[in-house]
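A.B. asks: return a 3D structure for these sequence lines:
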Amino acid sequence: MLLESKKIELGTPVVEFALKGVDGKIYTPSSFAGASALVVVVTCNHCPYAKASWPLLIRLQAAFKEEGVQFVAVNPNDDDAYPEDSFERMKENAKALALNFPYLRDDTQSVARNLGAVCTPDIYVYDSSHKLYYHGRINDNWQDPNKVREQNLKDAIERLLRGDVPPLKQPPSIGCSIKWK
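C.D. replies: Numbers count the residues shown, from 1 in each chain. Down below sits the predicted model:
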């Protein structure tokens, strides 16, 4: 089912979590304490919208790494109903993509629920104080990268790094519904 992300109040603090990554490490928000921006992406392996976003997210992480921006992906989907979203398949996906940021498993789905996430991908950009700065889509054309006119996520990160106020326009993400247990 196609859904849009719901509006979350800017300035909302990052949700606390302690989640296992595909690299075997446990990550918390404090794991990214030195980041100039923390981009949390609620996503999965099987959704076509999420699949289309992976290359874009990898490129953005590479482009902004030197400026202290840190991406992290969180998969909350019910892996009993959707085996493609299992931890083992997450590991395979991360390796196949040569993922350049942590990919975490939200087995209890509490992080996704506490974030207010509804779809994959659902994107949250936090400032260096871990306060919400941007919550919206990556760009205006998930299907055809050659037809993108608005790079909303990239623009929001650039604004944050310049010290500008959050963008007034924060179009919602669209994607598959999170597969709740």
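
A.B. asks: now do the closest residue to Ala98 other than its chain neighbours, the pLDDT please.
C.D. replies: Take Ala98 and drop its neighbours on the chain: the residue closest to it by C-beta to C-beta, 6 or more residues apart in numbering is Ile58, 7.5 Å away. Heads up, the C-betas are built off the backbone N, CA and C, glycines and all. You'll see Ile58 listed with a pLDDT of 98.

A.B. asks: ok so Ile58 is a helix residue?
C.D. replies: Yes - under DSSP: H, G, I helix; E, B strand; the rest coil, Ile58 falls within a helix.

A.B. asks: so it sits right up against Ala94, yeah?
C.D. replies: No - the criterion here is C-beta atoms under 8 Å, and Ile58 misses it with Ala94 at 10.4 Å.

A.B. asks: the more surrounded of these two?
C.D. replies: Ala94 (20 against 16; other C-beta atoms under 10 Å).

A.B. asks: which SS class is that one?
C.D. replies: When the rule is three-state DSSP, Ala94 gets the label helix.

A.B. asks: go ahead and confirm it touches Tyr103.
C.D. replies: Yes - contact status for Ala94 versus Tyr103: in contact at 4.8 Å, counting by C-beta under 8 Å.

A.B. asks: shared neighbours of those two, anything?
C.D. replies: By C-beta atoms under 8 Å, 6 or more residues apart in numbering, Ala94 and Tyr103 have these common neighbours: Val22.

A.B. asks: ok, Tyr27 - contacts?
C.D. replies: By C-beta under 8 Å, 6+ apart, the contact set of Tyr27 is 17-21, 72, 102, 104.

A.B. asks: any idea how far Trp180 is from Ile8?
C.D. replies: According to C-beta to C-beta, to the nearest Å, Ile8 stands 18 Å off from Trp180.

A.B. asks: more neighbours: the two, which one.
C.D. replies: It is Ile8, of Ile8 and Trp180, that has more neighbours when counted by other C-beta under 10 Å, with 16 against 12.

A.B. asks: now do the contacts for that one.
C.D. replies: Listed by C-beta under 8 Å, 6+ apart, the contact set of Ile8 reads 115-116, 124, 132, 135.

A.B. asks: same deal with Ala62?
C.D. replies: By C-beta under 8 Å, 6+ apart, the contact list for Ala62 reads Asn100.

A.B. asks: tell me the phi and psi of it?
C.D. replies: Reported as degrees, to the nearest 10, the phi and psi values for Ala62 are phi -60, psi -40.
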